[in-house]
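J.: below are the sequence and a predicted model for it; my questions follow.
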2 protein chains.
Amino acid sequence: MSLVTVGSVAFDAIETPFGKTDKIIGGAGTYIALSSSYFVKNQNIVAVVGDDFPQEMIDKLGDRGVNLEGLQIKEGEKSFFWSGKYNNDMNSRDTLVTELNVLEHFDPIIPDSYQDCDYLMLGNLSPDVQLKVIDRLEKRPKLVALDTMNFWMDIAMDDLKKTLKAIDILIINDEEARQLSGEYSLVKAAKKIREMGPKYLVIKKGEHGALLFHGTNAFFAPALPLEDVFDPTGAGDTFAGGFMGYLASTDDVSFENMKRGIIAGSAMASFCVEKFGTEKLENLSKSEIEDRIQEFVKLTNFDMVQSI
Amino acid sequence: MSLVTVGSVAFDAIETPFGKTDKIIGGAGTYIALSSSYFVKNQNIVAVVGDDFPQEMIDKLGDRGVNLEGLQIKEGEKSFFWSGKYNNDMNSRDTLVTELNVLEHFDPIIPDSYQDCDYLMLGNLSPDVQLKVIDRLEKRPKLVALDTMNFWMDIAMDDLKKTLKAIDILIINDEEARQLSGEYSLVKAAKKIREMGPKYLVIKKGEHGALLFHGTNAFFAPALPLEDVFDPTGAGDTFAGGFMGYLASTDDVSFENMKRGIIAGSAMASFCVEKFGTEKLENLSKSEIEDRIQEFVKLTNFDMVQSI
């Protein structure tokens, strides 16, 4: 099945307690596409960069089988740039620089070859742009997933609420779920958010794992306990990419299969944080990913033969 | 098999965003004994109270099958009293009052009938008192578990390190694991702590679940996502009680069975937080506990038939 990913392809500069990078490649679209490329072959990206973006990195996405027909390169403009610094606990970060550049007037173009898209992953972007993508697809995809963030809740809540009615799965973190719903309890937040439109909700809790809600069902997957987390940048997008890539490759949107997708996404995110930026995601082997998934099985598996 | 629990039996006064209690029954020993009583029949407590402690509450423990021969009642003295106020997120609390009273000079007495103890749970107390209990048992129990807290790391680290060498399982929370090891990463913390003595380590993460470490094995269990957490007081002790009660009742200290014990403990803790104090733990049915354990199975179970 085909997956279309919409999201930023951009520059990041990152500082963590473990070190500091110059401008490196980042962006939600990049992480999602790299991560999902390990699962799904027919993988297409919709994004925009400036003419400052290195061809070498575009080629890397191409090498991973990503169809780049929907990647606009704007002559004379600069790519989106974000710079941030993580605090010592790695759970919070300060944004140092945000330069929207080409993203400011991003008008997503859907190439004809993307039109039979089965699975659509809308990475964090203005809800208005996200809705445009859905509207510009002639056939509604089998599954539409969306990521967003507090920023859009602050400045474009009405647009976001409109867009939420058009999607199937919302993938956000715990703080965003609390802000969107006005509820501290994630169980209560999940109920309220699903009343806003999405039938499925994934709440990412970073190092504390992820929750999937649908109807009366809930599923929880932990994050893999790691010796060191070098750089959390992109972990949430990598998770979403692994999740959607898994669903698209298995073409099964049952709750049981979504649980497997959550594990696949969690495994990919555990790789992402082990190096700066996209480095670790560029050259993984199938057996590394298989082994990592088995670590999740081992970490969570128990057999309650006798309880009380 | 028999379980001996050592821990405070005390008064608490609790304030949460949901309400406020007068002096109610609390204490680590109380929560552990109530929780484990649902799993293990031969259940014995070592503790001390003043003559202000209501006989009615002592009878409640007796009704749950707890052998009270090791409970000292000090005439003319007052029971331990703790008062605390939870903040809005329920994850942090301020201690308002701590009156040690009878705990100040607690000298644990082990009745002869406790001497064949197979499983020993040392609730949070001075590490010196905890070690005395181990020393006063003529036969070393099959499994010795210990809970402690930051307070003892601050004022009695040497005693604590000595006691850690004499136990099998340490059960502490994430902040305590970080303080004890000086490591932020829980994986690194777990390695260092196990070098201090305990072969097994359980790290409780409150609403984020619990981790079990042994050798190269790790197991993770989530906390049950709940609509409302009314009062987290005693949840950690209730977890430890369910864990040790399960191990004692099944008399199996394999890693596989400890995983089940973690689930049993997590289920009991999920009941604890639903009401103030010990209320919810006083009258649970076997089927309620069975159902709750099955909720954990449902929440965490997945079948990774095909991964990549």
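T.: Perfect, I can see it now. Numbering: from 1, shown residues only, chains lettered A, B, ... in the order given.
J.: how about the residues of the stretch 1-150 of chain A that lie near chain B?
T.: Residues of the stretch 1-150 of chain A lying close to chain B by C-beta under 8 Å from any C-beta of the partner chain are A:38-39, A:88-89. C-beta here means a position set from N, CA and C on the backbone, and glycine is covered the same way.
J.: of these, which pair is most distant in space?
T.: Spanning the widest gap among those are A:Phe39 and A:Asn88, at 34.3 Å by C-beta to C-beta.
J.: what about those two, which has more around it?
T.: A:Phe39 (25 against 9; other C-beta atoms under 10 Å in any protein chain shown).
J.: the more buried one and A:Asp251 touch, don't they?
T.: No: taking C-beta atoms under 8 Å as the definition, A:Phe39 is not a contact partner of A:Asp251, at 11.3 Å.
J.: helices along chain A, start to end?
T.: A:28-36, A:55-63, A:127-136, A:150-155, A:157-164, A:174-181, A:186-195, A:235-250, A:255-272, A:279-282, A:286-300 (DSSP state H).
J.: what about chain A, any weak spots by pLDDT?
T.: Residues of chain A meeting the criterion pLDDT under 70: A:306-308.
J.: tell me which residue lies nearest the centroid of it.
T.: What sits nearest the mean C-alpha location of chain A, by C-alpha atoms, centre = their mean, is A:Asp237, with 2.5 Å.
J.: where does the stretch 151-300 of chain A come near chain B, residue by residue?
T.: Contacts of the stretch 151-300 of chain A with chain B, taken as C-beta under 8 Å from any C-beta, map to A:184-188, A:205, A:208-209, A:211, A:217-222, A:225-229, A:249-250, A:256, A:259-260, A:262-264, A:286, A:289-290, A:293-294, A:297-300.
J.: tell me the buried residues within the residues you listed.
T.: Listed as buried from these are A:184-186, A:188, A:205, A:208-209, A:211, A:218-222, A:225, A:229, A:249-250, A:259-260, A:262-264, A:289, A:293, A:299-300; burial here means 16 or more other C-beta atoms under 10 Å in any protein chain shown.
J.: on that earlier part again, including distance to A:Leu143, could the helices of chain A go into a markdown table?
T.: Converted to a markdown table, the helices of chain A look like this (distance: least, C-beta to C-beta, whole Å):
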| stretch | distance to A:Leu143 |
| --- | --- |
| helix A:28-36 | 13 |
| helix A:55-63 | 22 |
| helix A:127-136 | 12 |
| helix A:150-155 | 21 |
| helix A:157-164 | 15 |
| helix A:174-181 | 20 |
| helix A:186-195 | 16 |
| helix A:235-250 | 6 |
| helix A:255-272 | 10 |
| helix A:279-282 | 23 |
| helix A:286-300 | 21 |
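J.: what residue in the stretch 51-200 of chain A comes nearest to chain B?
T.: Residue nearest to chain B within the stretch 51-200 of chain A: A:Val187 (4.8 Å; C-beta to the nearest C-beta).
J.: contacting residues for that residue?
T.: Residues in contact with A:Val187 (C-beta atoms under 8 Å, 6 or more residues apart in numbering or on different chains) are A:218, B:225-227.
J.: okay but the residue nearest to the centre of chain A is in contact with A:Met121, surely?
T.: No: with contacts counted by C-beta under 8 Å, A:Asp237 stays clear of A:Met121, the gap being 9.3 Å.
J.: and for the two, which residues touch both?
T.: A:7, A:32, A:147.
J.: most neighbours among those residues, which one is it?
T.: Most surrounded of those: other C-beta under 10 Å gives A:Ile32, at 34 neighbours.
J.: do you know how far it is from A:Thr238?
T.: 7 Å (C-beta to C-beta, to the nearest Å).
J.: one more: A:Asp118?
T.: 21 Å.
J.: and A:Gly27, how far is that from chain B?
T.: A:Gly27 sits 24 Å away from chain B, going by C-beta to the nearest C-beta, to the nearest Å.
J.: what is the burial count for that residue?
T.: Neighbour tally, A:Gly27, other C-beta under 10 Å: 27.
J.: burial measure for the nearest residue to A:Arg140 once chain neighbours are set aside, as a count.
T.: Nearest residue to A:Arg140, sequence neighbours excluded (C-beta to C-beta, 6 or more residues apart in numbering or on different chains): A:Ile134, at 7.6 Å. Using other C-beta under 10 Å, the number of residues around A:Ile134 comes to 17.
J.: do the one 4 residues further on as well
T.: Neighbourhood size, A:Glu138 [other C-beta under 10 Å]: 10.
J.: and if you look at A:Val4?
T.: 28.
J.: how about it, what does it touch?
T.: By C-beta under 8 Å, 6+ apart, the contact set of A:Val4 is A:44-46, A:70, A:110, A:114, A:117, A:119-121, A:137, A:141.
J.: which one (most neighbours) among those?
T.: Within the contacts of A:Val4, A:Met121 tops the neighbour count with 32 neighbours, counted by other C-beta under 10 Å.
J.: before we move on, the earlier item: which one of A:Asp118 and A:Thr238 is surrounded by more residues?
T.: Shown here are A:Asp118 and A:Thr238; by other C-beta under 10 Å, A:Thr238 has more neighbours (29 against 18).
J.: do I have it right that the more buried one meets A:Ala33?
T.: No: assessed by C-beta under 8 Å, A:Thr238 is found out of contact with A:Ala33, at 10.2 Å.
J.: picking up where we left off before, contacting residues around the residue nearest to A:Arg140?
T.: Here A:Ile134 is in contact with A:120, A:122, A:140, A:144, A:163, A:166-167 (criterion: C-beta under 8 Å, 6+ apart).
J.: ok, of those residues, which one's closest to B:Ser270?
T.: Nearest to B:Ser270 among the contacts of A:Ile134, counting by C-beta to C-beta, is A:Ile167 at 31.6 Å.
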